[in-house]
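# After the sequence you'll find the predicted model.
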Amino acid sequence: MSVNKKTIVGFVAAALFLVACGLFAFLRVVSKRPEPVAGEVVPASWAEFRTSTGHRAHVGKSTVVCKDCHGFEAAGFTNPGSGVCARCHAEQASHTHTGGQHPTGCLSCHSFAPRDAPTCLGCHAETQGTHAKVAQHASVDCSNCHHPHATPSITPKDCTSCHDERALAHADHPKSQGCQDCHHAHEPAKTAMQSCGSCHERPAGPKPANHDSCLSCHKPHDFVAQAGRVCVGCHGVKPTLVAATAPVHTRCTSCHTPHAPMLAAFSCQGCHKQVHVVHDGKESCIGCHAPHSGDVNVKASACTSCHTKIAASDHGVHSDHISCTNCHKPHSFPPIPLRSSFETPAGVGLRSVVARGQLCGDCHSSEATHASENRGHEDCRSCHGPSAHQPSQAPPCGSCHGKELATAPVGHQKCTGCHEPHSGQRVPEATTCTGCHVKKTTELHASIQGGCENCHRPHGPNGIAAPPVCTSCHEKPKLPALHALASHTECKQCHTSHAPPRSDRDTCTSTCHVNRRDHQPAAQICTGCHVFRN
């Protein structure tokens, strides 16, 4: 028990000693504070001012006395203003807070008066000139980023040191300032949504409905638009042209530029550079290739879906099995070449050709070859009409060759019996008259030099119009025997052109020697006794 009392007494003694030491130290410090010199006029508020933030930072320092800032004159203490600060703080004075429209001095921020110390928000809670009021980060210590007496005066912290939940995947370029590309430190976060255009000025021009806001497709802090997902989110899944054989068509951005989707009609050339479309003055592929409508499994719309006046289907424009693309190049419809092919009613030319008749000759090669040999037949239109879509049957040859038809003898009035219709040349069997008139090769006059043309022509206007009289070759005075009689001067009484002379009893006695019908009734011919040859 005696031990415990001694211990308690020791503790109490030690506590009293510590209190005495503290009191002594306090009195020593107070005794060192500068006091007004006797006789000086000191403001009654001196005791208040000495406890201000500014005075507490200066009063009590061994190197600072009141007269360093205040002049001790008969009038008492004077307000030194901020001019004296630079005597000690030259470096800080060279990097001061400018204050914008309202220049600031040291005393704007450092208070030597008995009031609360100034704060940044004391001014910046409201707009200051070009600087917007501090809205964001108002509760954060300004000195984290702002250093009024340093260069640079603003050194922002890494935003992700606080906002580590943000995964930034946007500012991936050399001049990027990270979050500050879009966000201003003291502005509300939502204002960043209107800042995209400050960097992304293009594309310019009108934008389609509901594409005005970048955030329609781009998520903040992600910025990589998942185009396929984003497009489908608003526009739904659309069937696309021949997607089964062209998978690239299934991606919206293959044709639609995200910032100018209305220009998709001109995007085809991005893949199909070799195709140059010239169709009725238009250069848009979607005129024939429907990207999202109709039967998207069909590569191109039928020509007759627009050209309804031409035919009911693409396979009936020329014949029942010829399609439009047999004559028209799918991506080029140039003007028709001179005298080389047809002219369509709609004024759309057929494909260019080098040689005359080549277009028709693609299918009608034999006819085109023959027609090229006949100057009057080389233009197919001359016989088959001006429309390739409704070609007409060739007119009768006589519509052009009227004189020949009028002068053709009976049996020769079908021109194609002797002539190939496209070249006009004689067909092989009509090369000579005997091709048809085979019997004439063994009959009278067959061996005459010059052949049938000595007496005949197939038609006018050239050649002998009618067989000449016999005496043009058989001179009357030179004919032998009974030919010399006057009653025998008409050759055709006994002769025909190709048959031997007739000298039977009926010929001689039917019209001329009637009185000799019963003469020598056993004789079959008269020339047995009455000769006409030497």
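Arrived safely, thanks for sending. Note that the structure is predicted; figures quoted are calculated from it, not measured.
# a strand runs through residue 114, doesn't it?
No: the assignment for residue 114, made by DSSP: H, G, I helix; E, B strand; the rest coil, is coil rather than a strand.
# Now do the contacts for it.
Contacts for residue 114 (CB atoms under 8 Å, 6 or more residues apart in numbering) come out as 45, 48, 49, 51, 52. To be clear about C-beta, it is placed using only N, CA and C from the backbone, and glycine gets the same treatment.
# Which parts of the stretch 201-350 of the chain are helices?
Per DSSP state H, counting those that start in this stretch, the stretch 201-350 of the chain carries helices over the ranges 227-235.
# repeat for the stretch 401-534 of the chain
With DSSP H, counting those that start in this stretch as the criterion, the stretch 401-534 of the chain has helices at 402-407, 505-510.
# residues in contact with the first one?
Outside of helix 402-407, the residues that reach it under the criterion CB under 8 Å, 6+ apart are 396, 397, 398, 413, 415, 457, 459, 460, 461, 465.
# quick one: secondary structure of the third one?
Read that as residue 398. Of the three states, residue 398 takes helix under three-state DSSP.
# got any ranges where the stretch 251-400 of the chain has weak pLDDT?
For the stretch 251-400 of the chain, residues meeting the criterion pLDDT under 70 lie at 280-283, 333-358.
# Okay, now the unreliable bits of the stretch 101-250 of the chain?
Applying pLDDT under 70 to the stretch 101-250 of the chain picks out residues 101, 167-169, 171-174, 201-210, 223-229.
# how about a cut-off of 80?
101-103, 160, 164-178, 193-230 (pLDDT under 80).
# if I pick residue 524, what's in contact with it?
Applying CB under 8 Å, 6+ apart to residue 524 gives the contacts 504, 505.
# start at 18 instead
Taking 18 as the first residue, the last one we looked at is residue 541.
# circling back to that earlier point, neighbour-wise, which of the contacts of residue 131 leads?
Top of those by neighbour number is residue 69, holding 19 neighbours under the definition other CB atoms under 10 Å.
# Residue 124 is in contact with that one, correct?
No: contact between residue 69 and residue 124 fails when scored by CB atoms under 8 Å: they sit 11.1 Å apart.
# And the residue nearest the centre of the protein?
Centroid-nearest residue in the chain: residue 283, 2.5 Å away (criterion: CA atoms, centre = their mean).
# check contacts around that one.
Contacts for residue 283 (CB under 8 Å, 6+ apart) come out as residue 301.
# go again using 10 Å as the cut-off
Residue 283 sits next to 272, 274, 277, 300, 301, 302, 303 when contact means CB atoms under 10 Å, 6 or more residues apart in numbering.
# And it, how far from residue 134?
The spacing between residue 283 and residue 134, counted by CB to CB, to the nearest Å, is 66 Å.
# Run a quick neighbour tally on residue 310.
Residue 310 has 11 neighbours, counted by other CB under 10 Å.
# I'd say it and residue 258 touch.
Yes: Residue 310 lies in contact with residue 258 (CB atoms under 10 Å); the separation is 9.4 Å.
# Could you tell me which residues touch both of the two?
Residues touching both residue 310 and residue 258 (CB under 10 Å, 6+ apart) are residue 303.
# Would you mind measuring from the residue nearest to the centre of the chain to residue 526?
Residue 283 is 102 Å from residue 526, where distance means CB to CB.
# wait, what's in contact with the residue nearest to residue 238 when sequence neighbours are not counted?
Nearest residue to residue 238, sequence neighbours excluded (CB to CB, 6 or more residues apart in numbering): residue 183, at 5.0 Å. By CB under 10 Å, 6+ apart, the contact set of residue 183 is 176, 177, 196, 237, 238, 239.
# In a markdown table: these, plus distance to residue 207 and neighbour count.
As requested, the contacts of residue 183 are exported to a markdown table (distance: CB to CB, whole Å; neighbours: other CB atoms under 10 Å):
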| residue | distance to residue 207 | neighbour count |
| --- | --- | --- |
| 176 | 16 | 15 |
| 177 | 20 | 13 |
| 196 | 14 | 20 |
| 237 | 10 | 16 |
| 238 | 14 | 15 |
| 239 | 17 | 13 |
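# ok, now how distant is the closest residue to residue 415 other than its chain neighbours from residue 532?
Among residues not flanking residue 415 along the chain, residue 422 sits closest, at 3.5 Å (CB to CB, 6+ apart). The gap separating residue 422 from residue 532 is 50 Å, by CB to CB.
# what do you get for residue 288?
Distance, residue 288 to residue 532, using CB to CB: 108 Å.
# quick one, what contacts residue 68?
76, 131.
# could you say which helix or strand contains it?
Following DSSP states H and E, one finds residue 68 outside all helices and strands.
# For the residue nearest to residue 415, give me the pLDDT.
pLDDT recorded at residue 422 is 91.
# Neighbour count: residue 288 and residue 532, which is higher?
Legend: neighbour count by other CB under 10 Å for residue 288 and residue 532, higher for residue 288 (13 against 8).
# That one against residue 268, yeah?
No: applying CB under 10 Å, one finds residue 288 not in contact with residue 268, separated by 11.7 Å.
# for residue 435, what are its contacts?
Residue 435 sits next to 425, 429, 442-444, 446-448, 450, 452-453, 475-476 when contact means CB under 10 Å, 6+ apart.
# let's see it at 6 Å
Residues near residue 435 by CB atoms under 6 Å, 6 or more residues apart in numbering: 443, 447.
# how much space between it and residue 154?
Distance of residue 435 to residue 154, given as CB to CB: 108 Å.
# try residue 263
With distances taken as CB to CB, residue 263 is found 53 Å from residue 154.
# Also residue 213?
Distance from residue 213 to residue 154, counting by CB to CB: 22 Å.
# what's the answer for residue 498, then?
In this view, residue 498 and residue 154 are 149 Å apart by CB to CB.
# contacting residues for residue 489?
Applying CB under 6 Å, 6+ apart, no residues qualify as near residue 489.
# Surely residue 135 is in contact with residue 126?
Yes: if you go by CB atoms under 6 Å, residue 135 and residue 126 touch, sitting 5.2 Å apart.
# Doesn't residue 81 lie inside a strand?
No: assessed with three-state DSSP, residue 81 is coil; it does not lie in a strand.
# surely it meets residue 75?
Yes: counting by CB under 6 Å, residue 81 does reach residue 75; the two are 4.8 Å apart.
# Is the closest residue to residue 230 other than its chain neighbours in a helix, a strand, or coil?
For residue 230, ignoring the flanking residues on the chain, the nearest one in space by CB to CB, 6+ apart is residue 210 at 7.5 Å. Three-state call for residue 210 (three-state DSSP): helix.
# The one 4 residues further on too?
The assignment at residue 214 comes out as helix when based on three-state DSSP.
# What are the boundaries of the strands in this structure?
Here the chain has no strands by DSSP state E.
# ok, residue 68 to residue 74 distance?
In terms of CB to CB, residue 68 sits 12 Å off from residue 74.
# One more: residue 248?
Residue 248 is 64 Å from residue 74, where distance means CB to CB.
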